[in-house]
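# The sequence and its predicted three-dimensional model are supplied below.
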Amino acid sequence: MAKDLAEIAKKKKIKYFLISFVDLFGVLRSKLVPARAIGDMQKEGAGFAGFAAWLDMSPADGDMFAIPDPDSLIQLPWKKEVGWLASDLYLNGKAIEASPRVALKAQIAKAAKKGYRMKTGVECEYFLINEDGTKIADGKDTQSKPCYDQSALMRRYDVISEICDAMIDMGWNPYQNDHEDANGQFEMNWDYDDCLKTADRHVFFKYMVKQIAENHGLRATFMPKPFANLTGNGCHAHVSVWDKSGKKNLFHDKRGELGLSKMAYNFLGGIMHNVEELASIFNPTVNSYKRINAPRTLSGATWSPNSVSYGGNNRTHMVRIPDEGRFEMRLMDGAANPYLMQAAILAAGLDGVINKRDPGKRLDINMYTEGHKAKGLKKLPLNLLDAIRMTQKGTALKAQLGQPLIDAYCKLKIDEWNNFKSTISQWERDNTLDC
């Protein structure tokens, strides 16, 4: 063991550890372990019943064990005596292929064999709402265009600054916080890094934001579309691939179109080619499809894509090239599983590099007003069921991520869809009760 968690606990005065994993639906699961037992847990793992989480297992399966990654250790900024650890899942001594963090690490290993190292940053949007989730928490936040509103931002200074101070304390190098395009919506940015570290931090960020909001008597939600008339929560990802040392950006070519290399365009080609398979992972809930393909919001734009296209520094496209050496993927929403999202990006991108896929021509148009002029563009799925079926039908993700993961994910998501379809909404009662 390169890092001894028992020794670290003594030095950092940690009394308890949260040994955590994320299931296929993105739910954060944990056991609270006293420091006296962390040595054994580091070697053997904390035991869990897989059927009790959203992992395609049965009550007959044996215990799975979450082996903590010492490099992921974070002391809770608001409760320093507790340390949080991301973990990898094992069953019968073997890593569980159909588990999110293991799947991401498998893609990272595949990329490493080719000399590649993906680095990413994420933009996690969220709303601060009342406790029962019926409205935003700030009754004064009423502008039709509230983005960057200083007064609305500063009315939530206590929450925002506490979250930002925590990120500074943890060494994430946060660099800006803003009020986003919807009333009650915020975004906080920190430095990009290796995709596994970004995914671990993404998981912890969502937990931290919810907990700190709760400590202030509020509720935070990353739900894709919590309010019909307001812009939804995106989770844009900025992507670049580097050499094995992490020092040379292989996406960067000053002589390339918009400063991107041929390899970068092949990677992008993999995303564009496989996007129909990716949608159920990037947009994993019934509610996700009320964010994409949505009508105009109160601010005048949804800021989410409606077609499969890419452009330069143009936010109306599914993929934006904002600067040399990277691109921004704008399809993902706040419900995306942090590990599966990164794994799927890397899987589709590697497929593009291996098969030298062409992303097609860049479109320099406003997709919201002129999208009808672009002929032959693929459309994004209209609902979760269509998206799941596209994932099931596809071949690239199965080849890269493995059949067990895709089968398990799609099976559980179909069950979720069927559960949704068994409910009767208020809209149905209002519009068809007297038909």
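Great, that's in hand. Numbers count the residues shown, from 1 in each chain.

# mind listing the helices for the stretch 151-300 of the chain?
Per DSSP state H, counting those that start in this stretch, the stretch 151-300 of the chain carries helices over the ranges 157-169, 195-215, 262-282.

# and the angle from the first one to helix 195-215?
Going by axes from the mean of the first three to the mean of the last three Cα atoms, to 10 degrees, helix 157-169 is angled at 150 degrees with respect to helix 195-215.

# which residues sit against helix 157-169?
Under the contact criterion Cβ atoms under 8 Å, 6 or more residues apart in numbering, helix 157-169 has outside partners 77-78, 128, 153, 173-174, 177, 186, 188, 190, 205, 208-209, 212-213, 216, 218. C-betas here are computed from N, CA, C, even on glycine.

# let's see 6 Å
Contacts to helix 157-169, defined as Cβ atoms under 6 Å, 6 or more residues apart in numbering, come from residues 77, 174, 177, 190, 212, 213, 216.

# Please list only the buried members of the residues you listed.
77, 174, 177, 190, 212, 213 (16 or more other Cβ atoms under 10 Å).

# between these, which is closest to residue 115?
Within the buried ones among the contacts of helix 157-169, the smallest distance to residue 115 is 27.1 Å, found for residue 190 (Cβ to Cβ).

# Tell me who's in contact with that closest one.
When contacts are counted by Cβ under 6 Å, 6+ apart, residue 190 touches 167, 172, 173, 174.

# So the third one versus residue 164, what's the distance?
Counting by Cβ to Cβ, to the nearest Å, the gap from residue 173 to residue 164 is 11 Å.

# Same check on the second one?
Here the distance between residue 172 and residue 164 works out to 10 Å (Cβ to Cβ).

# just residue 354 next, same as before
Distance from residue 354 to residue 164, by Cβ to Cβ: 40 Å.

# More neighbours: these two, which one.
residue 164 (18 against 14; other Cβ atoms under 10 Å).

# State the pLDDT value of the more buried one.
At residue 164, the model reports a pLDDT of 98.

# if we can go back for a sec, show the buried residues in the contacts of residue 190.
By 16+ other Cβ under 10 Å, the contacts of residue 190 give 167, 172, 174 as buried.

# what mean pLDDT would you report for the strand or helix carrying residue 428?
Under the criterion of DSSP states H and E, residue 428 resides in helix 426-432. In this model, helix 426-432 carries a mean pLDDT of 95.

# From here on, call the first residue 11.
New numbering, starting at 11: the last item is helix 436-442.

# ok, back up a step: farthest-apart pair in the contacts of residue 200, please.
So for the contacts of residue 200, where distance means Cβ to Cβ, the most widely separated pair is 177 and 183, at 7.8 Å.

# In the stretch 211-360 of the chain, what residue spans correspond to strands?
229-231, 245-253, 320-321, 329-333, 336-339 (DSSP state E, counting those that start in this stretch).

# Quick one: closest of these to residue 346.
Nearest of the strands of the stretch 211-360 of the chain to residue 346, taken as Cβ to Cβ: strand 245-253 at 5.3 Å.

# Could you dump the buried ones among the contacts of residue 200 into TSV with distance to residue 275 and pLDDT added?
TSV is the format used below for the buried ones among the contacts of residue 200 (distance: Cβ to Cβ, whole Å; pLDDT from 0 to 100):
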residue	distance to residue 275	pLDDT
177	33	98
182	30	98
184	31	98
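
# after the worst-scoring helix or strand of the chain on mean pLDDT, next one along is what?
Within the chain, judged by mean pLDDT, DSSP states H and E, the helix or strand with the poorest mean is helix 377-380; its value is a mean of 90. Next in sequence after helix 377-380, counting helices and strands by DSSP H and E, comes helix 394-403.

# May I have that next one exported as CSV, CA atoms only?
Extracted as CSV, the C-alpha positions of helix 394-403 are listed here (Å, rounded to 0.1, in the frame of the first residue of the first chain):
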residue,chain,number,x,y,z
LEU,A,394,-35.6,7.9,-22.5
LEU,A,395,-37.1,4.8,-24.1
ASP,A,396,-35.8,5.8,-27.5
ALA,A,397,-32.4,6.6,-26.1
ILE,A,398,-32.1,3.2,-24.3
ARG,A,399,-33.1,1.4,-27.4
MET,A,400,-30.4,3.2,-29.4
THR,A,401,-27.9,2.2,-26.7
GLN,A,402,-29.0,-1.4,-27.0
LYS,A,403,-28.9,-1.4,-30.8
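
# list the helices and strands it packs on?
The contact analysis (3 or more Cβ pairs under 6 Å, 6 or more residues apart in numbering; DSSP states H and E) places helix 394-403 against helix 272-292, helix 413-431.

# Which positions within it qualify as buried?
So for helix 394-403, counting by 16+ other Cβ under 10 Å, buried means 394, 395, 397, 398, 400, 401, 402.

# Could you measure from the residue lying closest to residue 262 once chain neighbours are set aside over to residue 121?
Excluding the flanking residues, the one nearest residue 262 by Cβ to Cβ, 6 or more residues apart in numbering is residue 335, at 3.4 Å. Per Cβ to Cβ, residue 335 is found 17 Å from residue 121.

# which one among the contacts of residue 200 gets closest to residue 15?
Distance to residue 15, by Cβ to Cβ, is smallest for residue 182 among those, at 21.2 Å.

# Quick one: residues contacting that closest one.
Applying Cβ under 6 Å, 6+ apart, the residues near residue 182 are residue 200.

# cool, the one 4 residues further on as well?
Residues in contact with residue 186, defined by Cβ under 6 Å, 6+ apart, are residue 199.

# Please repeat the previous calculation with a cut-off of 8 Å.
By Cβ under 8 Å, 6+ apart, the contact list for residue 186 reads 198, 199.

# do residue 98 as well
By Cβ under 8 Å, 6+ apart, the contact set of residue 98 is 31, 76, 77, 79, 105, 109, 111, 112, 115.
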